[in-house]
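K.L.:
Mind folding the following:
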Amino acid sequence: MEMKQCAKGGHYYDASIYSECPYCNNEDVNSDMQQEAGATMPLTGSTSSNYNYRDRQEDGRTVAIIKEEIGIDPVVGWLVCVDGSDKGRDYRIHSDNNFIGRSEKMDICIRGDETISRENHAIISFDTRDKVYYFSPGDGRSIVRLNDKALFMTSEIKAYDTIEIGKTKLLFMPLCGERFDWN
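P.N.:
I've put the predicted structure just below:
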């Protein structure tokens, strides 16, 4: 599987199956190829401008609870790379679980650090009910660290905590909490 991000709409799609984004250009997609490949596509007749929440719900994708409640999946915080190959880059955190790895399929994709597993090296989560952030090790080979200490179980995180995954060091910056949330 070769995941590619669409320049027009920001969608991710399998470039080994489609030559261009099937979400933005779905009128040209052969439905037999779609069915054979098992790909998830927008409903026939949808375009990027009207491919909405209901379409995603009907095509079988899992949505975050907050998205179910308010219709959007807004940013709730950021990780900012302060040391490593992506120094200066920020990564958006959304509600519920955000899986971290090198793969484009991950919610947070950290490219350029071969010491990070492709998939599920770690997880950062925001609990919308309790307004608390958590960091958890995933299935990665190397140990993850929170504030320079090895982490082997889920731990609550706070503003300005540092997270180390592979050779990458990230600074945690929350948006939602006691003073602000999207509800």
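K.L.:
so what's the spatially most central residue of the chain up against?
P.N.:
Per CA atoms, centre = their mean, the C-alpha nearest to the average position across the chain is that of Asp107, at 1.4 Å. Residues counted as contacts of Asp107 (CB atoms under 8 Å, 6 or more residues apart in numbering) are 94, 97-100. Backbone N, C-alpha and C define where each C-beta goes, glycine included.
K.L.:
Which one of the residues you listed is nearest to Ile124?
P.N.:
Here the nearest of the contacts of Asp107 to Ile124, counting by CB to CB, is Asn98; it sits at 4.9 Å.
K.L.:
what's across from the closest one in the sheet?
P.N.:
Beta-bridge partners for Asn98, by DSSP bridges, are Ile124.
K.L.:
separation between it and Lys4?
P.N.:
21 Å (CB to CB, to the nearest Å).
K.L.:
ok so, going back, in JSON lines: the contacts of Asp107, plus distance to Ser19.
P.N.:
Output for the contacts of Asp107, formatted as JSON lines (distance: CB to CB, whole Å):
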{"residue": "His94", "distance to Ser19": "29"}
{"residue": "Asn97", "distance to Ser19": "32"}
{"residue": "Asn98", "distance to Ser19": "30"}
{"residue": "Phe99", "distance to Ser19": "28"}
{"residue": "Ile100", "distance to Ser19": "30"}
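K.L.:
Show me the two of those that sit farthest apart.
P.N.:
Based on CB to CB, the longest span within the contacts of Asp107 runs between His94 and Ile100 and measures 12.5 Å.
K.L.:
Can you point out the buried residues in stretch 151-171?
P.N.:
Within stretch 151-171, the residues scored as buried using 16 or more other CB atoms under 10 Å are 151, 157, 161-166, 168-171.
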